[in-house]
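Novice: Dropping the sequence and predicted coords here.
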Amino acid sequence: MTLAATVLAAEGAENPLIPHAYELVVGSFAFLVVFIVVGKILTPRIQKTLAERTEAIEGGIKKAEDAQAEAQRTLEQYRAQLAEARQEAARLREEAREQGAQIKAELREEAQAEARRIVEAAHTQIEADRQQALAQLRNEIGRLSTELASRIVGESLEDEARQRRIVDRFLDEIEARPEAVR
């Protein structure tokens, strides 16, 4: 023992660290009341509040997971739609290229047909002009031949029918010769 404890024991004074019996009874009763109140009333409320918070947190987590899953599904749908739109755009571009090539080929064919028609019309016109020139040349040759024959013969070959027969026969002979210029 220590000196202070020895002094107090010798004096017969009570030890302040040791409580009195009535304090022990009142303290024990108060402890039991607090223990019962806390155990029976507050603990279930605390447990209930903790359970509600746990459920709220788990519900929030569940909602967040659901929202994340929904966002992932939406993202996948968006990506699928985007891929589909890209495929559709590629298909439309290819169709446009094909249509452009087809239109180009049709225009080329139309241009070639028009060119052939123009060439054929030109050939037809040239042939008509040639025939007309031949007819004019034939008439001019006939007139000159008749005039020349009249001068040579010394008589007038004014009879038109006879003149025409002579000119036609002369021109037929010229055309029959292989070295004749046409």
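Specialist: Looks like it came in fine. Numbering: from 1, shown residues only.

Novice: What's the biggest helix in the protein, counting residues?
Specialist: helix 43-153 (DSSP state H).

Novice: Kindly spell out which helices and strands sit in contact with it.
Specialist: On a contact count with 3 or more C-beta pairs under 8 Å, 6 or more residues apart in numbering; DSSP states H and E, helix 43-153 meets helix 160-176. For every residue, glycine as well, the C-beta is placed using N, CA and C.

Novice: other SSEs contacting the helix it packs on?
Specialist: With 3+ C-beta pairs under 8 Å, 6+ apart as the test, helix 160-176 has helix 43-153 packed against it.

Novice: Now do the helix it packs on, average pLDDT.
Specialist: On average, the pLDDT along helix 43-153 is 90.

Novice: angle of it against helix 160-176?
Specialist: 120 degrees (axes from the mean of the first three to the mean of the last three C-alpha atoms, to 10 degrees).

Novice: Show me how far helix 43-153 is from its chain's centre.
Specialist: When distances are taken as C-alpha atoms, centre = their mean, to the nearest Å, helix 43-153 is centred 13 Å away from the chain's centroid.

Novice: same thing with stretch 15-24?
Specialist: That offset, for stretch 15-24, works out to 94 Å (C-alpha atoms, centre = their mean).

Novice: Next, the distance between the ends of it.
Specialist: End-to-end distance for stretch 15-24, by C-alpha to C-alpha, to the nearest Å: 15 Å.

Novice: ok, now stretch 32-43?
Specialist: 15 Å.

Novice: With stretch 32-47 instead?
Specialist: Span of stretch 32-47 from end to end, C-alpha to C-alpha: 20 Å.
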